[in-house]
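Participant: my questions concern the predicted model and sequence given below.
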Number of protein chains: 2
Amino acid sequence: MAKRVVPDAARRRRRPTRQGQVLTHELIVETALRMLREHGAAGLTARRLGLALGADASAIYRYFRGMDDLTLAIADELLAHALADWRPTGHWRTDLRALGLSVHAAYLAHPQAAVLTASRVTGRPHEVAVDETILAILRTAGFPDHDAVRIYHAFIDQSLAFAVLDAASLALPAATRQADEQVWQATYARLPASSHPHIAATAGHLVGRMNDSAYPTALDMLLDSARAQLADLRVRDGSGSPRG
Amino acid sequence: MAKRVVPDAARRRRRPTRQGQVLTHELIVETALRMLREHGAAGLTARRLGLALGADASAIYRYFRGMDDLTLAIADELLAHALADWRPTGHWRTDLRALGLSVHAAYLAHPQAAVLTASRVTGRPHEVAVDETILAILRTAGFPDHDAVRIYHAFIDQSLAFAVLDAASLALPAATRQADEQVWQATYARLPASSHPHIAATAGHLVGRMNDSAYPTALDMLLDSARAQLADLRVRDGSGSPRG
DNA sequence: CGTCAACGTCAATGGCGTTGGCATAAGGAT
DNA sequence: ATCCTTATGCCAACGCCATTGACGTTGACG
């Protein structure tokens, strides 16, 4: 009654801004991602985003309910990238591992956005799709619902958790990262065996590991544990091989 | 030369504020912690902190260089608390699990500080002590150096990663957390089986899990994997029982 | 008792997200 | 081609925020 036609995204009244730009949801999200990459999380403000768009800051509110809404849109965009990069093979362990690495990589591609968004529940299409995919893999592999949910929860939260941690490190100013590296060299590599025998004994193995993400290792250990549980279940059922 | 006497903390010129409070570093930190606990990270502002102290906001700057300096002062205590709460029993798996949970809990007690500091390498005594402790447990349990370092790395980074993730969630404004909860209810609990069969099938198991941390589960899975590796090593050596 | 500086307060600055009002131009209808 | 509707960009303003510099007071010490 009130509105005769709901304006299609393609049929919008695309009135250009003073500087000739035509605003869309996509353009705003992309510009925000670019600002996050170039200037960091603190550098993304409504006013500066408007400036970068060649529009007034308040124009953003015609497309998003607020900066928080825009943040969630950015988050879902990252998960869309993760799913697009993923190619299933039919082997549950291989597929789950690849999906985890894909999510991790998608967030690390935009560390500043990851810090901002990885801990949020958006309920948006791509996030839901990732969840559905994980549960599908686990239940198809033969995990009972209770175990599937438990492993799903640990899996997705671990992926997000490492994404936040690694992204937070990547998002630091270069000077701060170099300072941290020097702190590490100055302390860990030169600790006397008398006070810290175990660090001293393993210093050779520790060197060079500091900047690597521990996520692949933790992911493999989680998947190994899941495989052992599955094998155990099959043995109790007496219906399959214990090799998983 | 310029200053005759560096004022002792006890000998300060304790001029009371308009409302009779006497300011100290400790009082400010404690008040800030209380505000964090009661009103969340967004509820801690210089103005409101000043109000809670019965002083002007600018008085804080006589004690800290800025809000960031105050945040780091708060964070300084966290790892110390984690180690202080930890009581070893001599069983490597039990002790490692308790230490992980203790670190996690210490950070979660101050989510705002955790988000800022958990991804940093401080090289300060308590951090080094935690690392030494973990390596000691693993090497004493019988892990070869290479495996001990690998598991140490996965273990500590997993603990920090979940701390950052869970703290980031806790640090959100209360209104945002409630909104996220409602988003979850509105989407996941009502997804049709036609489009998302696996989420729909496990909805009963998913309910109530949303606010729980997945860290204990992920931690147990990591420790299970480590125990299996240890058992495998002992079998190859032919020198011990495979029960870990 | 005088001097000095530590410290609380005030006022102001420049930033932030967000909102309501207003002008205008893009579509649809005629 | 013209009118009407309304989506949309822009402007000004509000109430926050952290931070700073000047100012006055007051406690401690010589």
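Facilitator: Arrived safely, thanks for sending. Please read these numbers as outputs of a predicted model, since none were measured by experiment.

Participant: for stretch A:41-58, buried residues please.
Facilitator: A:41, A:44, A:46, A:49-50, A:52-53, A:55 (16 or more other CB atoms under 10 Å in any protein chain shown). Placement of C-beta: from N, CA and C, glycine included.

Participant: oh, I was asking about stretch A:31-39
Facilitator: For stretch A:31-39, using 16+ other CB under 10 Å, the buried residues are A:31-33, A:35-36.

Participant: pLDDT-wise, what's the bottom of these?
Facilitator: Of all the buried residues of stretch A:31-39, residue A:36 carries the smallest pLDDT score, 82.

Participant: packing partners of the helix or strand encompassing that residue?
Facilitator: For residue A:36, the host element (DSSP states H and E) is helix A:25-39. Here helix A:25-39 is seen to pack against helix A:46-53, helix A:67-85, helix A:111-117 when contacts are counted using 3 or more CB pairs under 8 Å, 6 or more residues apart in numbering or on different chains; DSSP states H and E.

Participant: hang on, the earlier thing: and of the buried residues of stretch A:31-39, the nearest to DNA strand D?
Facilitator: residue A:31 (12.8 Å; CB to the nearest atom of the strand).

Participant: surely the closest one touches residue A:53?
Facilitator: Yes. Counting by CB atoms under 8 Å, residue A:53 is a contact partner of residue A:31 at 5.6 Å.

Participant: quick one: is stretch A:161-169 near chain B?
Facilitator: Yes. For stretch A:161-169 and chain B, the contact criterion (CB under 8 Å from any CB of the partner chain) is met by A:161-162, A:164-165, A:168-169.

Participant: where along chain A do the helices fall?
Facilitator: A:25-39, A:46-53, A:67-85, A:92-108, A:111-117, A:125-141, A:145-170, A:174-187, A:197-201, A:203-206, A:215-237 (DSSP state H).

Participant: out of those helices, which is closest to residue B:94?
Facilitator: helix A:215-237 (17.4 Å; CB to CB).

Participant: residues of the closest one that come out buried?
Facilitator: A:215, A:217-230, A:233-234.

Participant: how about stretch A:79-86?
Facilitator: Buried residues in stretch A:79-86 (16+ other CB under 10 Å): A:79-83, A:86.

Participant: with stretch A:202-217 instead?
Facilitator: Neighbour counts over stretch A:202-217 (16+ other CB under 10 Å) mark A:202-203, A:205-206, A:213-215, A:217 as buried.

Participant: poorly predicted segments of chain A, please.
Facilitator: Chain A contains residues with pLDDT under 70 at A:1-14, A:112, A:171-177, A:238-244.

Participant: quick one: contacts for the residue at minimal distance from the centre of chain A?
Facilitator: Centroid-nearest residue in chain A: residue A:107, 3.7 Å away (criterion: CA atoms, centre = their mean). Residues counted as contacts of residue A:107 (CB atoms under 8 Å, 6 or more residues apart in numbering or on different chains) are A:78, A:82, A:113-114, A:118, A:160, A:163-164, A:167.

Participant: ok, of these, which come out buried?
Facilitator: Buried members of those, counted by 16+ other CB under 10 Å: A:78, A:82, A:113-114, A:118, A:160, A:163-164, A:167.

Participant: residues in contact with residue A:47?
Facilitator: residue A:57.

Participant: who touches the nearest residue to residue A:201 once chain neighbours are set aside in this structure?
Facilitator: Spatial nearest neighbour of residue A:201, chain neighbours left out: residue B:145 (6.7 Å); criterion: CB to CB, 6 or more residues apart in numbering or on different chains. By CB under 8 Å, 6+ apart, the contact set of residue B:145 is A:201-202, A:204-205, B:139.

Participant: and the two most separated of those?
Facilitator: A:204 and B:139 (13.6 Å).

Participant: do I have it right that residue A:54 meets residue A:21?
Facilitator: Yes. Using CB under 8 Å, residue A:54 makes contact with residue A:21 at a distance of 4.4 Å.

Participant: any chance of the helices and strands packed on helix A:25-39 in a markdown table with distance to DNA strand D as columns?
Facilitator: Below are those laid out as a markdown table (distance: least, CB to the nearest atom of the strand, whole Å):
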| stretch | distance to DNA strand D |
| --- | --- |
| helix A:46-53 | 7 |
| helix A:67-85 | 12 |
| helix A:111-117 | 18 |
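
Participant: for residue A:101, which of those helices is the nearest?
Facilitator: Once the helices and strands packed on helix A:25-39 are compared by CB to CB, helix A:67-85 is nearest, at 9.3 Å.

Participant: now for that closest one, which elements pack on it?
Facilitator: Using 3+ CB pairs under 8 Å, 6+ apart, helix A:67-85 sits against helix A:25-39, helix A:92-108, helix A:111-117, helix A:125-141.

Participant: the first one near DNA strand D anywhere?
Facilitator: No. Residues of helix A:25-39 are not located near DNA strand D by CB under 7 Å from any atom of the strand, the shortest gap being 9.3 Å.

Participant: and for that helix, what's in contact with it?
Facilitator: A:9, A:21, A:43-44, A:48-49, A:52-53, A:60, A:63-64, A:70, A:73-74, A:77, A:110, A:112-113, A:116.

Participant: over to the last one?
Facilitator: Residues outside helix A:125-141 that contact it (CB under 8 Å, 6+ apart): A:75-77, A:79-80, A:82-83, A:88, A:92, A:95-96, A:99, A:103, A:121, A:145, A:147-149, A:151-152, A:155-156, A:230, B:187-188, B:191, B:196-199, B:201-202.
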